[in-house]
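Q: Any chance you can model this:
(2 chains)
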Amino acid sequence: MSFADALNEAGAKAAGKRPYFLEPQVERVLAITMAIAQELAVSRQRADALERLLKAKGLLAEGEIDAFAPDAAAAAERAMWNQEYIARILRIVQQENEAAALSDEVASGDVGDELA
Amino acid sequence: MDSSSAPDRRNDPAAHYDGPPDYRVVGRHALFPQTSHDEIERINFLAQMNRHLAGRIVPGVKAAYEARVAPAFQKENGRPITDRHEARKALLKDPTFQTWSALRRLTMEQRQQAGRWTAIRQREQLARIAADLTDNDPRLQLDGQVVVPRYVSAVDHHCMPGSYYTEKFPGDVTNGANYDHAGFVTTGGLLGKYSDGGGHAVVKWVKRNLPDFSPARILEIGGTVGHSSLPLAQAFPDAQMTVVDLGAPVLRYGLARAKSLGVDNVEFVQASGEDLSRFPDESFDWIQTTMFLHELSTGALANIFRETRRLLRPGGIVLHVEQPQYAPDMPLFEQAMRDWDAFYNNEPFWSRMHEMDLDSAMIAAGFDADSLIHGGVTGVVDRDLFPDAQEDETEDYGRKAAWHVIGATV
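A: A predicted model of the protein is given here:
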C-alpha cells in the first residue's frame, strides 16, 4: 500500500556517506527543527487559505481577524494555550533546571545495582 | 491620518516581491503527481529556504571568508590560499560556512523527502497512467541489460534516493515523478513552467547562431524525463528526437509526459551514452547534453565525446550545456562555493569536470580545434509568471539558470 510505503521510503537515505558540518548532536537537532519549521509554514499557509476562503464567501470581513478582540474568557483560554505550548516546548529546560537544584541524583541503572 | 487615502506603495510588500513564484503556476500534464495544499506549501517553503540561503546567508559567508577565513589561513601558513580546495577546507572551520552548509544540505534532504512522499503515495496510480500512455508504443525502448555504471550507482546524485534508475516494481515511475515535480525547490522557478527553460535557451541560441540549421535527427544524451529535450522537438517539428538515459523510470515517465504535452516526434531509449552502438555512424544532425557532463567520470566523458563524434553527420552540431568552468579569473571563494555540490550534495564528478580542459577533450574525441563552439545561455521562461535568470542577481553557486555552452560542428 502506498501510504505505508511512503512512511517507510519517503525519508530514505540517499546512497553516499552523509557529511556533517556541525557537531552531530547539534546537526541532528537542527534537522528536526528545520522539519518543524517547514511544517509550521505549511500550517500558517493553511490558516491563510482558510481565511481567504472565508472572506471570499463573505463569512469573514477584511481586517476582522486583526481587529479580533477576545472576550475575557476567550483571552484567558488563548493565554493558557500559549503557556501550555511554551511549557511543552521548553520541557528540557525545566528538567535541566530541576536537576541543577539537586546535588546528588542517582541514575536508575545505579539504583538497579543497589537493588540487586 | 486620512483613512481614505490609499496605502503608500513603498509600504506595500507585495509590490516589491522578489522571489520564487507560487508553485501553483507550474505546468501540469497527465503524469504530474497530484499535490495537496500542504504538499505544495512544503515545496514553496523549501524554495524560499533556498532563496533565503542564497540571498541572505551566503553574503555573510562571503564576508566571513574575506574578514577572517582568508586572513587566518595567511597567518597560519605565511601565504595566501592558492586553490579552491584550500579555500573550502578553510571555510569548513568557520561557523558561517558550517551553518549555511548544514541548512543547505537539510533543505535538499527535506526536498527529497517531500517530493518522494507525494510520488510514492500515488505511485501505483502514476504507473497505471504511464502504462496507459506508453504500453506497446515503439517510442519507449527499454533495455534491462543496461548496466548502471559506478559514476551513477556509487552515490545518489543530488541526494535523490534511488537516483534516476531504481524502480520498486515493473512499470514504476516514482523517481521520474519525484525528479520532475519537486525540482522547483532548487530552481525556484528559474527553469519555467515545464522545467524546460534550459531547452528553450538552447533552441534560442541555435536559431540565432545557426539560422539555416534544419536537423532531421536530434539526440539528447542523459535526457531523463525530457525537460530539456522537448523544446528541441517542438522547435523542429519535422525532426525526430531521441532521448537516451540509463533510467527506465525517467524514460517511461518521459514518453508519457511528452505525449500528454502533445509532443509526438520524440522517442525514449534506455542506453548508456558511452555505448550508443545501437545507432549507426552519422545517425544524427544534432546531439545535445544539458547539465549532464558533471554526472559522469573522466573516462565516461571521453567515451561519450567519442560517440558524439561518431554519430554526427557532416554539417551536424554537438552542444553541451553546463555551469561555467573554473577559469583562473574566477575568485577562489566562488570556486569553493561552486564546489560545494561535489562534496556535500553527491555530485562527485562536479569538481573535476569543472576544472577539465573541455576543448582538449573535444579535440581528443576527434573534433577539429577550428570547429569548436563556445557560448553562454540563460534560462528562457514565461516572464509573466516566472523569474528571468538574466535579471536575477542572486548567486546560488552552481544552481543558477545561467550556463556555458561548449560544442562543435563537423
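Q: Need the three-state assignment for the residue in chain B that chain A sits nearest to.
A: Minimum separation of chain B from chain A (Cβ to the nearest Cβ) falls at B:V155, amounting to 3.0 Å. C-betas here are computed from N, CA, C, even on glycine. For B:V155, the assignment made with DSSP: H, G, I helix; E, B strand; the rest coil gives coil.
Q: any weak-confidence spans in the chain?
A: Assuming you mean chain A. The model of chain A has pLDDT under 70 over residues A:1.
Q: that's the wrong chain, I wanted chain B
A: Applying pLDDT under 70 to chain B flags the ranges B:1-7, B:13.
Q: let's see 50
A: Regions of chain B meeting the criterion pLDDT under 50 cover residues B:1.
Q: What are the buried residues along the lengthiest helix in it?
A: Ranked by residue count and defined by DSSP state H, the top helix of chain B is helix B:95-121. Using 16 or more other Cβ atoms under 10 Å in any protein chain shown as the test for burial, helix B:95-121 gives B:96-121.
Q: Between the two ends of stretch B:229-245, how far is it?
A: 12 Å (Cα to Cα, to the nearest Å).
Q: and chain A, which of the buried residues of helix B:95-121 contact it?
A: Among the buried residues of helix B:95-121, the ones lying near chain A by Cβ under 8 Å from any Cβ of the partner chain are B:97-99, B:101-103, B:105-107, B:109-110, B:112-114, B:116-117, B:120-121.
Q: what's the burial count for the residue of chain B closest to chain A?
A: 18 (other Cβ atoms under 10 Å in any protein chain shown).
Q: and what of the one 10 residues further on?
A: Residue crowding around B:Y165 was assessed by other Cβ under 10 Å; the count is 19.
Q: Please identify which helix or strand holds it.
A: For B:Y165, there is no enclosing helix or strand under DSSP states H and E.
Q: my read: it touches B:V152, true?
A: Yes: using Cβ atoms under 8 Å, B:Y165 is in contact with B:V152, at 6.9 Å.
Q: who touches the residue of chain B closest to chain A in this structure?
A: Taking Cβ atoms under 8 Å, 6 or more residues apart in numbering or on different chains, we find B:V155 in contact with A:A14, A:A15, A:G16, B:N346, B:P348.
Q: What about the residues you listed, which one has the most neighbours?
A: The most crowded member of the contacts of B:V155 is B:N346, carrying 24 neighbours; neighbours defined as other Cβ under 10 Å.
Q: rewinding a little: mind listing the shared neighbours of B:Y165 and B:V152?
A: With Cβ under 8 Å, 6+ apart, B:Y165 and B:V152 have common neighbours B:L246.
Q: circling back to that earlier point, keep only those of the contacts of B:V155 that are in helices.
A: Using DSSP H, no member of those falls in helices.
Q: In TSV: those residues, plus distance to B:L301.
A: Below are these laid out as TSV (distance: Cβ to Cβ, whole Å):
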residue	distance to B:L301
A:A14	23
A:A15	21
A:G16	20
B:N346	18
B:P348	13
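Q: what's the most distant pair in these?
A: Within the contacts of B:V155, A:A14 and B:P348 form the most distant pair, 12.4 Å apart (Cβ to Cβ).
Q: Residue of chain A nearest chain B, please.
A: Nearest residue of chain A to chain B: A:G16, at 3.0 Å (Cβ to the nearest Cβ).
Q: nearest residue to that residue other than its sequence neighbours?
A: Spatial nearest neighbour of A:G16, excluding adjacent residues (Cβ to Cβ, 6 or more residues apart in numbering or on different chains): B:V155 at 3.0 Å.
Q: Up against chain B, what does chain A have?
A: A:2-3, A:5-6, A:9-16, A:18-22, A:27, A:30-31, A:34-35, A:37-38, A:41-42, A:45-46, A:49.
Q: Assign B:L31 to helix, strand or coil.
A: coil.
Q: ok, now A:P70?
A: Assignment for A:P70 (three-state DSSP): coil.
Q: Roughly how far does it sit from B:A127?
A: 51 Å (Cβ to Cβ, to the nearest Å).
Q: In terms of neighbours, single out the busier of the two.
A: Applying other Cβ under 10 Å to A:P70 and B:A127 shows that B:A127 carries more neighbours, namely 24 against 11.
Q: Determine the set of other helices and strands touching the longest helix that chain A contains.
A: Counting residues, the longest helix found in chain A (DSSP H) is helix A:24-56. Applying 3 or more Cβ pairs under 8 Å, 6 or more residues apart in numbering or on different chains; DSSP states H and E, one finds that helix A:24-56 contacts helix B:37-52, helix B:95-121.
Q: any idea what B:A408 is structurally, helix, strand or coil?
A: strand.
Q: Isn't it up against B:A369?
A: No: look at B:A408 against B:A369 with Cβ under 8 Å: they stay out of range, at 9.3 Å.
Q: Between those two, which has more neighbouring residues?
A: Just comparing B:A408 and B:A369: by other Cβ under 10 Å the higher neighbour count belongs to B:A408, 26 against 10.
Q: helix, strand or coil for B:D285?
A: Assignment for B:D285 (three-state DSSP): strand.
Q: That one: what's its closest spatial neighbour, skipping adjacent residues?
A: Using Cβ to Cβ, 6+ apart, the nearest residue to B:D285 is B:P215, at 3.6 Å.
Q: okay, now the one you found: neighbour count?
A: 23.
Q: Which PyMOL command selects the buried ones in the residues of chain A next to chain B?
A: Applying 16+ other Cβ under 10 Å to the residues of chain A next to chain B, the buried members can be selected in PyMOL as follows:
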select buried, chain A and resi 2+5+6+9+10+11+14+15+20+21+27+30+31+34+35+38+41+42+45
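Q: Chain A contacts on the stretch 201-350 of chain B?
A: B:F343, B:Y344, B:N346.
Q: in terms of contact, does the last one touch A:A14 like I think?
A: Think B:N346. Yes: using Cβ under 8 Å, B:N346 is in contact with A:A14, at 6.1 Å.
Q: shared neighbours of those two, which are they?
A: Shared contacts of B:N346 and A:A14, defined by Cβ under 8 Å, 6+ apart, are found at B:V155, B:D156, B:C159.
Q: Can you name the helix or strand that B:D329 falls in?
A: Here B:D329 is assigned to no helix or strand, by DSSP H and E.
Q: how many neighbours does it have?
A: Neighbourhood size, B:D329 [other Cβ under 10 Å]: 5.
Q: how close does B:G27 get to B:V225?
A: According to Cβ to Cβ, B:G27 and B:V225 sit 13 Å apart.
Q: Settle it for me: which of these two has more neighbours?
A: Between B:G27 and B:V225, counted using other Cβ under 10 Å, the more crowded position is B:V225 (31 against 13).
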